[in-house]
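**Student:** One predicted model, sequence on top.
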Amino acid sequence: MQFQEDVLRLDAEEEIAAIRAGIRDTVLKTLRRKGAVVSVSGGIDSALCAAVCAHALGGENVLALFSPERDSSPDSLRLGRLLVEKLGIPSHTEDIAPILEASGCYAYQREAVRMVFAEYGEGWKFKITLPSIIEGDRLNVSRLTARTPSGEFRSERMTAQAYLQLVAATNFKQRTRKMLDYFHADRLNFAVCGTPNRLEYDQGFFVKGGDGLADFKPIAHLYKTQVFQLARALGVPDEICDRTPTTDTFSLPQTQEEFYFALPYAKMDLCLYGRNNGVPAAEVAPVVGLTPEQVERVYKDIDVKRRTTRPLHLPALLVKDVHEISEMKKAVVG
Amino acid sequence: MTQEEVRTRVHQFIRKNFLFDEKTPLTDDQSLLGSGVVDSTGILELISFLEETCRVKFEDNELVADNFDTIARIAGFITAKLSREKV
């Protein structure tokens, strides 16, 4: 069969029913928890997670947690509130800026940015960007893009030291949010819902111990295109469904493809599907508006990211097996 | 710096920083990116090391797999760059 754009189209009703059954089984029977905490970011993935959890467990058994900080877009909280109003689920807001300030997140970030722009200070904004692999076989060398208080944009290649420290400091945000997810889950006897879609899960676009940590991940098998389809089917507000996905992590707005993925999500989805299902690059190319060589480069990037982020998926590794526990794990997850 | 000197320094750097042992095979023509020896953080470290050790500054358009995928290519590219800059 010819590869086509609608290859990712699902039977929404059937898929929602399967996810609902999966959540009920996982949360109520395997995890033996009464409900779910979902960190709601204002984006489409957490919106769908909140919606499917409410559908599966009942709205009263879902807590939406908002955790804005200094660099969050005001839109995130507004859209999150719009969502919970629509779904009729309880919510709670935790301003995490004081925790981040106290843990040194902002200070370590500032120090890292100053390794690149020595004059960085009050009024500057920044983000990390990657070169487009579409334009050439460029190495994934991260750049720091900054806007000065006068509005001038500057961009410099990052050293390994600056990059690692900036990412490490920024990871405080996802890990702080997860700590609060678990606080609320523990006090309510709920489970923590992880919100990655398939692109993020497969390509390692998450922080270990941060947004990567959860008790269950109900949409990790869904391509982002499918996330949008199901979100619309479950009545997620149009404003959330129509919004371009962002990382909402750095002080300058940043699209996900600037930071991590090679292409906008719809094309990235099709390339990932093509790669996973052995579709030749030449067949995928016209559908995504690229040349076969460009799709080959995306395929290669998919393989590299999958391989290099493999440790993120691993549990803590033991030197010697503890048989009783490994047998128990096998019985649950196979 | 001769091509052989660059090759030796890069070889030592990669073994010490990315392979962590003396046993894992590492050849001059092995794909560093394709084999996973050098990942995205590793490439940043490698670039910083090369710029410092060989006293060169890479332009953005030079940061392509063709120039950095093997030890042989790195050594060839840097030697050529150094000799161009000397002229």
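**Tutor:** Done, it's in. Residues are numbered from 1 along each chain as shown, chains lettered A, B, ... in the order given.
**Student:** mind checking pLDDT for the residue minimising distance to the centre of chain B?
**Tutor:** In chain B, the centroid-proximal residue (C-alpha atoms, centre = their mean) is B:Ile74; its distance is 4.3 Å. We have a pLDDT of 96 for B:Ile74.
**Student:** list the contacts for the residue of the stretch 151-300 of chain A found nearest chain B?
**Tutor:** Nearest residue of the stretch 151-300 of chain A to chain B: A:Ala160, at 3.9 Å (C-beta to the nearest C-beta). Glycine gets a C-beta too; all of them are placed from N, C-alpha and C. Residues in contact with A:Ala160 (C-beta atoms under 8 Å, 6 or more residues apart in numbering or on different chains) are B:41, B:44-45, B:48.
**Student:** Now, of the residues you listed, which are buried?
**Tutor:** Those of the contacts of A:Ala160 that meet the buried threshold are B:44-45, B:48, by 16 or more other C-beta atoms under 10 Å in any protein chain shown.
**Student:** Report the entries of the residues you listed that also contact chain A.
**Tutor:** Contacts with chain A are made by B:44-45, B:48 out of the buried ones among the contacts of A:Ala160, judged by C-beta under 8 Å from any C-beta of the partner chain.
**Student:** any weak-confidence spans in chain A?
**Tutor:** For chain A, the stretches with pLDDT under 70 are A:1, A:262.
**Student:** again, but for chain B
**Tutor:** Ranges of chain B meeting pLDDT under 70: B:87.
**Student:** what about 80?
**Tutor:** Along chain B, segments meeting pLDDT under 80 span B:85-87.
**Student:** top helix in it by residue count?
**Tutor:** Of all segments of type helix in chain B, defined using DSSP state H, the longest is helix B:71-86.
**Student:** cool, and chain A?
**Tutor:** Counting by DSSP H, the longest helix found in chain A is helix A:160-188.
**Student:** Pull out the buried residues from that helix.
**Tutor:** Those would be A:160, A:162-163, A:165-167, A:169-182, A:184-185, A:188, for helix A:160-188 by 16+ other C-beta under 10 Å.
**Student:** same thing with stretch A:131-146?
**Tutor:** For stretch A:131-146, the neighbour count (16+ other C-beta under 10 Å) marks A:131, A:133-134, A:137-146 as buried.
**Student:** re earlier: just put the buried ones among the contacts of A:Ala160 in JSON lines and tack on secondary structure.
**Tutor:** As requested, the buried ones among the contacts of A:Ala160 are arranged in JSON lines below (DSSP: H, G, I helix; E, B strand; the rest coil):
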{"residue": "B:Leu44", "secondary structure": "helix"}
{"residue": "B:Glu45", "secondary structure": "helix"}
{"residue": "B:Ser48", "secondary structure": "helix"}
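**Student:** Residues contacting stretch B:77-87, please?
**Tutor:** Residues contacting stretch B:77-87 (C-beta under 8 Å, 6+ apart): B:1-3, B:6, B:50, B:54, B:56, B:62, B:67-68.
**Student:** Tell me which residue is most central in chain A.
**Tutor:** Note: chain A centre (C-alpha atoms, centre = their mean) maps to A:Pro196, 5.0 Å.
**Student:** For that one, which non-adjacent residue is spatially closest?
**Tutor:** Of all residues not flanking A:Pro196 in the chain, A:Ala220 sits nearest, at 5.3 Å (C-beta to C-beta, 6 or more residues apart in numbering or on different chains).
**Student:** now swap in B:Asn17 and tell me
**Tutor:** For B:Asn17, the spatially nearest residue (C-beta to C-beta, 6+ apart) is B:Glu45, at 6.4 Å.
**Student:** what does stretch A:305-317 contact?
**Tutor:** So stretch A:305-317 is contacted by A:202-204, A:206, A:208, A:212, B:36, B:39-40 (C-beta under 8 Å, 6+ apart).
**Student:** quick one: which of these sit in helices?
**Tutor:** If you go by DSSP H, these have A:202-203, B:40 in helices.
**Student:** would a markdown table of those residues with distance to A:Val40 and neighbour count be doable?
**Tutor:** Below are those laid out as a markdown table (distance: C-beta to C-beta, whole Å; neighbours: other C-beta atoms under 10 Å in any protein chain shown):
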| residue | distance to A:Val40 | neighbour count |
| --- | --- | --- |
| A:Asp202 | 23 | 20 |
| A:Gln203 | 23 | 21 |
| B:Ser40 | 30 | 17 |
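**Student:** still on that earlier bit, these two touch, right, the residue nearest to A:Pro196 and A:Asn197?
**Tutor:** Yes: using C-beta atoms under 8 Å, A:Ala220 is in contact with A:Asn197, at 7.1 Å.
**Student:** So those two - more neighbours on which side?
**Tutor:** Taking neighbours as other C-beta atoms under 10 Å in any protein chain shown, A:Ala220 and A:Asn197 compare with A:Asn197 leading, 26 against 17.
**Student:** Next up, the contacts around the more buried one.
**Tutor:** A:45, A:219-220, A:222-224, A:227.
**Student:** Can you flag the buried ones in those residues?
**Tutor:** Here, 16+ other C-beta under 10 Å leaves A:45, A:219-220, A:222-224, A:227 buried among those.
**Student:** got JSON lines for those, with secondary structure and distance to A:Thr246 too?
**Tutor:** Shown next, in JSON lines, are the buried ones among the contacts of A:Asn197 (DSSP: H, G, I helix; E, B strand; the rest coil; distance: C-beta to C-beta, whole Å):
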{"residue": "A:Asp45", "secondary structure": "helix", "distance to A:Thr246": "12"}
{"residue": "A:Ile219", "secondary structure": "coil", "distance to A:Thr246": "18"}
{"residue": "A:Ala220", "secondary structure": "coil", "distance to A:Thr246": "20"}
{"residue": "A:Leu222", "secondary structure": "coil", "distance to A:Thr246": "19"}
{"residue": "A:Tyr223", "secondary structure": "coil", "distance to A:Thr246": "19"}
{"residue": "A:Lys224", "secondary structure": "helix", "distance to A:Thr246": "13"}
{"residue": "A:Val227", "secondary structure": "helix", "distance to A:Thr246": "15"}
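**Student:** can you put those residues in JSON lines and add distance to A:Leu77?
**Tutor:** Converted to JSON lines, the buried ones among the contacts of A:Asn197 look like this (distance: C-beta to C-beta, whole Å):
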{"residue": "A:Asp45", "distance to A:Leu77": "17"}
{"residue": "A:Ile219", "distance to A:Leu77": "22"}
{"residue": "A:Ala220", "distance to A:Leu77": "25"}
{"residue": "A:Leu222", "distance to A:Leu77": "25"}
{"residue": "A:Tyr223", "distance to A:Leu77": "27"}
{"residue": "A:Lys224", "distance to A:Leu77": "23"}
{"residue": "A:Val227", "distance to A:Leu77": "21"}
